[in-house]
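Visitor: Got a predicted structure plus its sequence, pasted below:
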There are 4 protein chains.
Amino acid sequence: GGCGTIAEVRVLVLNTGGTIGMVPQSEGLAPEANKLAGALKKIPILHDAEYAKETNLYSRLGVGEDTLVLPRSKQNKIIIYTILELSPLLDSSNMTPAEWDKIARQIEINYEKYNGFVILHGTDTMAYTASALSFMCENLGKTIVLTGSQVPIYELRNDGRANLLGALLFAGQFIIPEVCLYFYNELYRGNRVTKVNADSFSAFSSPNLPPLAKTDVDIKINWETVWRANTTKKFVIHTDVNSNVGLLRIFPGITAAVVKAFLQSPIEGVVLETYGIGNAPNNCPELLQELKNATDRGVLILNCTQCLQGTVSLVYATGKTLMDAGVIPGADMTPEAALAKLSYVLSKPGTLDEKRKMLNENLRGEITVVPVGTQITLKDS
Amino acid sequence: GGCGTIAEVRVLVLNTGGTIGMVPQSEGLAPEANKLAGALKKIPILHDAEYAKETNLYSRLGVGEDTLVLPRSKQNKIIIYTILELSPLLDSSNMTPAEWDKIARQIEINYEKYNGFVILHGTDTMAYTASALSFMCENLGKTIVLTGSQVPIYELRNDGRANLLGALLFAGQFIIPEVCLYFYNELYRGNRVTKVNADSFSAFSSPNLPPLAKTDVDIKINWETVWRANTTKKFVIHTDVNSNVGLLRIFPGITAAVVKAFLQSPIEGVVLETYGIGNAPNNCPELLQELKNATDRGVLILNCTQCLQGTVSLVYATGKTLMDAGVIPGADMTPEAALAKLSYVLSKPGTLDEKRKMLNENLRGEITVVPVGTQITLKDS
Amino acid sequence: GGCGTIAEVRVLVLNTGGTIGMVPQSEGLAPEANKLAGALKKIPILHDAEYAKETNLYSRLGVGEDTLVLPRSKQNKIIIYTILELSPLLDSSNMTPAEWDKIARQIEINYEKYNGFVILHGTDTMAYTASALSFMCENLGKTIVLTGSQVPIYELRNDGRANLLGALLFAGQFIIPEVCLYFYNELYRGNRVTKVNADSFSAFSSPNLPPLAKTDVDIKINWETVWRANTTKKFVIHTDVNSNVGLLRIFPGITAAVVKAFLQSPIEGVVLETYGIGNAPNNCPELLQELKNATDRGVLILNCTQCLQGTVSLVYATGKTLMDAGVIPGADMTPEAALAKLSYVLSKPGTLDEKRKMLNENLRGEITVVPVGTQITLKDS
Amino acid sequence: GGCGTIAEVRVLVLNTGGTIGMVPQSEGLAPEANKLAGALKKIPILHDAEYAKETNLYSRLGVGEDTLVLPRSKQNKIIIYTILELSPLLDSSNMTPAEWDKIARQIEINYEKYNGFVILHGTDTMAYTASALSFMCENLGKTIVLTGSQVPIYELRNDGRANLLGALLFAGQFIIPEVCLYFYNELYRGNRVTKVNADSFSAFSSPNLPPLAKTDVDIKINWETVWRANTTKKFVIHTDVNSNVGLLRIFPGITAAVVKAFLQSPIEGVVLETYGIGNAPNNCPELLQELKNATDRGVLILNCTQCLQGTVSLVYATGKTLMDAGVIPGADMTPEAALAKLSYVLSKPGTLDEKRKMLNENLRGEITVVPVGTQITLKDS
């Protein structure tokens, strides 16, 4: 395997659970431990048994049965991937910050050993986990791709095979130093996505940022959108993010009592899902007073729109009333990213003012800081 | 105007406020009373002054300066519309069930006098109001269209003129016996829409039902989707809907304490925005217990997905745990429609069981009741 | 295999060539004979070797190595498919009416023996062949699906596996009595498609008719669009279609000389690709005279738009000048369908007037005959 | 008008005819001379009569009744536009290279006097004219925007007002030194568009290049896509382009006789619309010989795909047979752009080899010259 060996790359696949590896049980679908690697080995596009045998892969690399190898790619890479399962495997509905820590620690432990990382995860909370990991991974220099599927890999028609294959090709072949999410032929920035469709293979959308890449007949990467880490610091993970955060959506008729109840201790951070470009009722002084009481005692409240797409302006006077109550405009962050950012920022050292400032800064590409003024001609650019 | 008179139809335009009629004030845009009719008169596509004069419209019909007339349409109709303003004009962020009542009462008062109705409304809560009115209008036999705009009608480039014109053409020329919402060339069922874009003329989406109609070079109505009222009962409005309702979105790490706080009295109905096809954490007994405590004491909890699109199944065992806690599957209702339906159902007479049953019934086309089984050939249909 | 046997269905896969089965050769990709069945047998989603063995499939049915079996489908069907190769395998650029005849004859020979038919075909001329077969198959009562791929089934990332699997599921499980085309998750009416993208998996579009079906997590068939054959006649194929037909696209500056040269004998039918809704220069009498000369001597000229989407009206006066020259309005037929229809109609018995009439009739769902007048309310429908 | 005067800009609107200004006549819609300016003056969003009066516009600038003024724009510009009509006004079906010359000459005559240019044109051949003008305008340094409409500006619902307004805003406020086409909220590079829909306001598409700009609530210009003229040469027009060109579309069964007839003298250039990525029948020696005969005698044949989207590769061996016959790969040029480029190149001085080379060069952004190799990481870019 002389020539072949040269082009080999290693990817760690962290299996956290989710539909992709689920099998029918008496109570519906459920994940089954230690089954995935064996199943993938039977799928020719996901394991090249011949190559493994001819190149003595297992003895040569000292790896076990949880390691597989993709057939040679169009870019002439041999991607060798090792599946590491979280125990227990989880339905993503049950994900919490404690599981985010477990995932991040596995990335940290294996960071130097692998070229890239794939995280298998249920779709239900994948956008939340991707957002959280994007903040928890500081000074990231390798590609991390979350993926999963709407239909288990064991069914006749399923999206799991293609999603896993694509994720492996990105993690193994390209340096996109972000926590990404790959689904149905598109690679997104992880903290920009939201699950938009419960019933379709096309489950995710990145409403305020174009995809980082698309896979079609060819793989097309939008390098201008890929995050440019302007740091040479060492990769490190930040764990133990703050859990005292929540999402509160404004609706017609919402009362001061509901707001007060939601904001009560131990809540330290809230994403307020407002109308349109950041609006809330401004003719209900009791309600605004409850928000002000909370921000006065140090609760961080981020104003995000309940619209799928759009921006809560940092510049204009819209939502002036909310800003007077101490609410921070969240620009074009998704609720998922905003919630994760609150958890992260609240757990970092610093004064309240420093934390408020961090929430408006672009830490991981999760927010668009809009330039002011109109460009009239190319010369201005 | 002999011939012309024959084809005349009357539309009531109820102006509740919103961006469409806003003018710049010191504190940003704000609605200004008694200004819209005068402004519209200067726009030739929205007022045919010549026709009004030639046919002695004002003296002939005994109408005042708040009545305008569209130029003759392609369908050869003369649409005469009268603008009636709510006082005060409202920013739609401040809409509450009390305003829904005021709107509904105006429809009732004027129901016989007009062929159709247009409601001008801010975009922020238009989907909520449209949903509420769809339930509050019982046995509706005329077309009601809500519309508005993202940019005031006074600006150079704006969407208000086209939205108003389209709404008038639908209300004046077609019998679509629904509370509709018209925006950016599409007519939607009002209780199916949600505002998806805070920054674009294309602000609304009807994720789980195709539009009722599209306006392009021609107006194309999808008659198969239009609601078939199978009743001959008299039109009546139902007001005083229940306000003790709320929206609660599930997120990773949500605690039983947050749920308990939100569900406390006087809350009587809650839309639970769950993951994917209706999932919530099922490994947190305290949280599930709080839900069960609430449903046991009669709180109605409707399970809707936080995904833009998709269905919380009525049939499959998904979200079984939530059903065991007394939570009602909400199928493909939007959160806006589900909230309005809870307000409506809670205010109707009946036992708790009857109300739970109503929530799963298709009252106004707001929910899709899915047939079981696979169709193999045309003969089955 | 008692129970299993009951649900077995048989599909014939006619492999005509095309990218799906191509392998790299010295001169680029080329089809290789007798290789496909063997390759497909190694792909678990396309062949269930265990089922074949357990149920003694080969001896039980008396079939050979060119027969494979899909894993049991969600609809509980076992689809057994037999691959029959045309010899030689063809690059679809080289398809001609002679090959259409060969394909149609194989359908006829095997019509009673199989439940449905899949035709593997190159993408370049698939829309032409689908159109031609739709006319050549008279009184069709079974499902015929053309498919292929943009990337060979032997490459790591390819669309061939999914396209073949989907085509088999439609042909084996549903009675859609049409010549269909399945590509990238959509099933189209074959005489409505055109290849719109040379570089993408999403290669086809049906611009003037919605897809017959979509495959996502579930298979959704739009039964209202499926062709209703109102006949009980026996299936028969019509071969030897007329080859003296051509496509001529109008462009600014086109001369009478070019038109005359193109229309010279032995041409008997021409699709004239005009501008917009059927327009051509009307200030060039020589050019119009050449068209009139041709129609006068019996050449059938069909007016289709060179726009991807739209209709050359049968009703309005547009293109009046062309009609005066004897040109027949082609409504919303694609150029591919119009060309195939000309070939078919020219080879059927009948007078010139009868043939002109057939061109405007809806023979296989290839043309939309638009009703006149506006529907105002549901009662009209 | 002190302050106002400072921000005034001048735009020339060249009215060539087309639907936008058509009025019903006995024989259907037809353009009417000297009517447009008067009609536009009555539309408030297209003429600010008050500003004209208050600032003594007509006497101050010495302009006549064919000059109008837009209301002040969001960018604080006052756009004064003068309508100059071609005589006679033309249905765009009748456009020929002679009319392209007339348009180009008007641009040249008025080039220094105006900040930008709008050309009103019928939609049928707008893509051809835009392509031709893009080549004919050498060293362009100002914005030229073609626009028109699907429905006359005199009808109640029409796209003419918005298209004209948008075109004026681009021509008057931004320096986009290209021949552009603006339609239905998108600004395209003129030589990249094709008319894709005969029946819809959304009539154009730019299949192989994203729009240069979009107008929504805000105007968003994609400056990275705007053409960077790397020249300081003086603007000059090139007229008298070669008319001996044509479009020939390949279809199954096309014969050598048809090809020979089409390629006969005086044809000097042909766009061959091939299948997919540039394929044609390669098993028909007579047909290939006819192509070779033509190229041998100096006919320039450009290979473009008949697919709406995609590329006829310059690099790979596809269509090798055609290249052996002397056919030139046309990459991702539209047929419209390729035809115009042939007309232009054939009329420029130079040897046949120099002309063949020009056809493959990127002269006006009409073709994508693809870089070779795969980018793996940001550092490569």
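Guide: Nice, thanks for sending it over. Every value quoted in this text rests on a predicted model; they were computed, and no experiment measured them. Numbering: from 1, shown residues only, chains lettered A, B, ... in the order given.

Visitor: Can you list the helices and strands that the strand or helix carrying residue A:165 packs against?
Guide: For residue A:165, the element it lies in under DSSP states H and E is helix A:160-173. If you count contacts as 3 or more Cβ pairs under 8 Å, 6 or more residues apart in numbering or on different chains; DSSP states H and E, helix A:160-173 packs onto strand A:8-17, strand A:78-90, strand A:116-120, strand A:143-147, strand A:179-183, strand A:213-215. The way it works is simple: take the backbone N, C-alpha and C, and place the C-beta from them, glycine included.

Visitor: for it, what is the average pLDDT?
Guide: For helix A:160-173, mean pLDDT is 98.

Visitor: ditto for stretch A:233-251
Guide: The average pLDDT within stretch A:233-251 is 96.

Visitor: List the buried residues for that stretch?
Guide: A:235, A:237, A:241-251 (16 or more other Cβ atoms under 10 Å in any protein chain shown).

Visitor: would JSON lines of those with distance to residue D:51 be doable?
Guide: Compiled in JSON lines, the buried residues of stretch A:233-251 are given as follows (distance: Cβ to Cβ, whole Å):
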{"residue": "A:235", "distance to residue D:51": "61"}
{"residue": "A:237", "distance to residue D:51": "62"}
{"residue": "A:241", "distance to residue D:51": "58"}
{"residue": "A:242", "distance to residue D:51": "57"}
{"residue": "A:243", "distance to residue D:51": "60"}
{"residue": "A:244", "distance to residue D:51": "58"}
{"residue": "A:245", "distance to residue D:51": "53"}
{"residue": "A:246", "distance to residue D:51": "53"}
{"residue": "A:247", "distance to residue D:51": "49"}
{"residue": "A:248", "distance to residue D:51": "48"}
{"residue": "A:249", "distance to residue D:51": "46"}
{"residue": "A:250", "distance to residue D:51": "42"}
{"residue": "A:251", "distance to residue D:51": "45"}
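
Visitor: Cross the residues you listed against strands and list the overlap.
Guide: Using DSSP state E, the subset of the buried residues of stretch A:233-251 located in strands is A:237, A:245, A:246, A:247, A:248, A:249.

Visitor: can you give me the helices in the stretch 151-300 of chain A?
Guide: Ranges of helices in the stretch 151-300 of chain A, per DSSP state H, counting those that start in this stretch, are A:160-173, A:256-263, A:285-296.

Visitor: out of these, which comes closest to residue B:12?
Guide: Between residue B:12 and the helices of the stretch 151-300 of chain A, the tightest spacing by Cβ to Cβ is seen for helix A:285-296, at 32.8 Å.

Visitor: and the stretch 51-200 of chain A, which residues reach chain B?
Guide: Neighbours of chain B within the stretch 51-200 of chain A, by Cβ under 8 Å from any Cβ of the partner chain: A:91-97, A:123-125, A:128-129, A:195-200.

Visitor: ok, and which of the residues you listed reach chain C?
Guide: Among those, the residues lying close to chain C (Cβ under 8 Å from any Cβ) are A:199, A:200.

Visitor: Let me know how buried residue A:28 is, in neighbour terms.
Guide: The tally of other residues near residue A:28 (other Cβ atoms under 10 Å in any protein chain shown) stands at 11.

Visitor: And the one 5 residues further on, by the same measure?
Guide: Residues contacting residue A:33 under the criterion other Cβ under 10 Å number 13.

Visitor: quick one on the thing from earlier: could you dump the helices of the stretch 151-300 of chain A into a markdown table with mean neighbour count and distance to residue D:262 added?
Guide: Formatted as a markdown table, those follow (neighbours: other Cβ atoms under 10 Å in any protein chain shown; distance: least, Cβ to Cβ, whole Å):
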| stretch | mean neighbour count | distance to residue D:262 |
| --- | --- | --- |
| helix A:160-173 | 25 | 44 |
| helix A:256-263 | 19 | 75 |
| helix A:285-296 | 18 | 74 |
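
Visitor: Now distance to residue C:291 too, for those, in JSON lines please.
Guide: Putting those into JSON lines (distance: least, Cβ to Cβ, whole Å) gives the following:
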{"stretch": "helix A:160-173", "distance to residue C:291": "51"}
{"stretch": "helix A:256-263", "distance to residue C:291": "74"}
{"stretch": "helix A:285-296", "distance to residue C:291": "74"}
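
Visitor: and the residue of the stretch 101-250 of chain A found nearest chain B, what pLDDT?
Guide: When distances are taken as Cβ to the nearest Cβ, the stretch 101-250 of chain A reaches nearest to chain B at residue A:198, 2.6 Å away. Residue A:198 is assigned a pLDDT of 96 by the prediction.

Visitor: what's the burial count for the residue lying closest to it once chain neighbours are set aside?
Guide: Residue nearest to residue A:198 in three dimensions, not counting chain neighbours: residue B:310, with 2.6 Å by Cβ to Cβ, 6 or more residues apart in numbering or on different chains. Residues within reach of residue B:310, counting by other Cβ under 10 Å, total 24.

Visitor: Kindly report the same for residue A:77.
Guide: Around residue A:77 there are 17 residues (other Cβ under 10 Å).

Visitor: Then residue A:283?
Guide: Number of residues near residue A:283 (other Cβ under 10 Å) recorded here: 13.

Visitor: any idea how far residue B:96 is from it?
Guide: Shown here: residue A:283 relative to residue B:96, a distance of 9 Å by Cβ to Cβ, to the nearest Å.

Visitor: Residue A:15 too?
Guide: Separation of residue A:15 from residue B:96 (Cβ to Cβ) stands at 48 Å.

Visitor: who's more crowded, the two?
Guide: A direct count of neighbours by other Cβ under 10 Å for residue A:15 and residue B:96 places residue A:15 higher, at 25 against 19.

Visitor: give the contact list for the more buried one.
Guide: A:21, A:36, A:83, A:84, A:85, A:86, A:89, A:120 (Cβ atoms under 8 Å, 6 or more residues apart in numbering or on different chains).

Visitor: And the furthest pair within these?
Guide: Most distant of those, by Cβ to Cβ, are A:21 and A:84, 13.0 Å apart.

Visitor: Are we agreed that residue A:58 is in a helix?
Guide: Yes. Residue A:58: assigned to a helix according to DSSP: H, G, I helix; E, B strand; the rest coil.

Visitor: That one: how many residues sit nearby?
Guide: Residues lying near residue A:58 (other Cβ under 10 Å) number 14.

Visitor: so it sits right up against residue A:49, yeah?
Guide: No. Counting by Cβ atoms under 8 Å, residue A:58 does not reach residue A:49; the two are 11.0 Å apart.

Visitor: Setting aside sequence neighbours, what's the nearest residue to the residue in the stretch 51-200 of chain A that chain D sits nearest to?
Guide: Nearest to chain D, among the residues of the stretch 51-200 of chain A, is residue A:175, at 3.7 Å (Cβ to the nearest Cβ). Among residues not flanking residue A:175 along the chain, residue D:377 sits closest, at 3.7 Å (Cβ to Cβ, 6+ apart).
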